[in-house]
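>>> Structure for this input, please:
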Amino acid sequence: MTTVEKGYAVTLYDGQDANGVAGIVGMLLGQNLENFPSRVKFARRISRPVSIYSTDTETACTIIFGSDEAVVYNDIVGKPAVTVMATVDQILDVSQLPMKAGGLVPVGFFSGRGMSVLGEILKHKLVVKGLLTHTVTALRTIALVSVVDA
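Take a look at the predicted model:
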């Protein structure tokens, strides 16, 4: 568990038994919210669950954001509004995209890495279910896992 200065925690629900994807996502969220405390307000605004499925390891996690903490669960929990289906390398590529305004200005997609990610989406090698119906949730999630300060 990581607790951010402004009282926002990131908890791995299954703790020591967290699968690889849950561990990576929990670590990214925790470190980013600690390093960029201004992002806490964006985390609090995500009201729908988000899941991330690793196509190469066939494991998944679901993030449920609350007002005081984000909980990362193993597997798909409930009915996520957004589901990202990608390889671990693609997930790490997405975490390198700079985003502004809490993800609402996706400047990172206009970089070389961003164009590569968009190409993977267009080729259906990286799938983001709910991208069109829950665009803000998808973009804010990318901003929260991004290790880049925009």
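
>>> And the contacts of the host helix or strand of V71?
V71 belongs to strand 69-74 when assigned by DSSP states H and E. With contact meaning Cβ atoms under 8 Å, 6 or more residues apart in numbering, strand 69-74 is reached by 8-14, 17-19, 22, 25-26, 29, 33, 43, 59-64. Every residue, glycine included, has its C-beta placed from N, CA and C.

>>> Would you write a ChimeraX line that selects the buried entries of these?
In ChimeraX, a selection of the buried entries from those looks like this (16 or more other Cβ atoms under 10 Å):
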select :8,10,11,12,13,14,18,19,22,25,26,29,33,43,59,60,61,62,63,64
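
>>> Cross the contacts of strand 69-74 against strands and list the overlap.
Among the contacts of strand 69-74, the ones falling in strands (DSSP state E) are 9-12, 59-64.

>>> sorry, back to before: restrict whichever helix or strand comes after the strand holding V71 to CA atoms and write it as CSV.
Per DSSP H and E, the first helix or strand lying C-terminal to strand 69-74 is strand 82-86. The C-alpha trace of strand 82-86 is given here as CSV (Å, rounded to 0.1, in the frame of the first residue of the first chain):
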residue,chain,number,x,y,z
VAL,A,82,-13.0,0.8,-19.6
THR,A,83,-10.9,-2.3,-20.3
VAL,A,84,-7.4,-2.1,-21.7
MET,A,85,-6.2,-5.3,-23.4
ALA,A,86,-2.5,-5.1,-24.1
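
>>> Which neighbours in the sheet does the strand holding V71 have, and how are they oriented?
Its sheet considered, strand 69-74 pairs with strand 9-12 (parallel), strand 59-65 (antiparallel) by DSSP bridges.

>>> Just give me how far the last one sits from the chain centre.
If I follow you right, that is strand 59-65. Mean C-alpha position of strand 59-65 versus that of the full chain (Cα atoms, centre = their mean, to the nearest Å) differs by 9 Å.

>>> just the angle between that strand and strand 82-86, please?
Orientation note: strand 59-65 sits at an angle of 150 degrees relative to strand 82-86 (axes from the mean of the first three to the mean of the last three Cα atoms, to 10 degrees).

>>> Show me what strand 59-65 is in contact with.
Here strand 59-65 has contacts from 18-22, 25-26, 29, 43-44, 46-47, 49-54, 70-78, 80, 141, using Cβ under 8 Å, 6+ apart.

>>> For V40, see how far away I91 is.
According to Cβ to Cβ, to the nearest Å, I91 and V40 sit 22 Å apart.

>>> Alright, that wraps it up for me.
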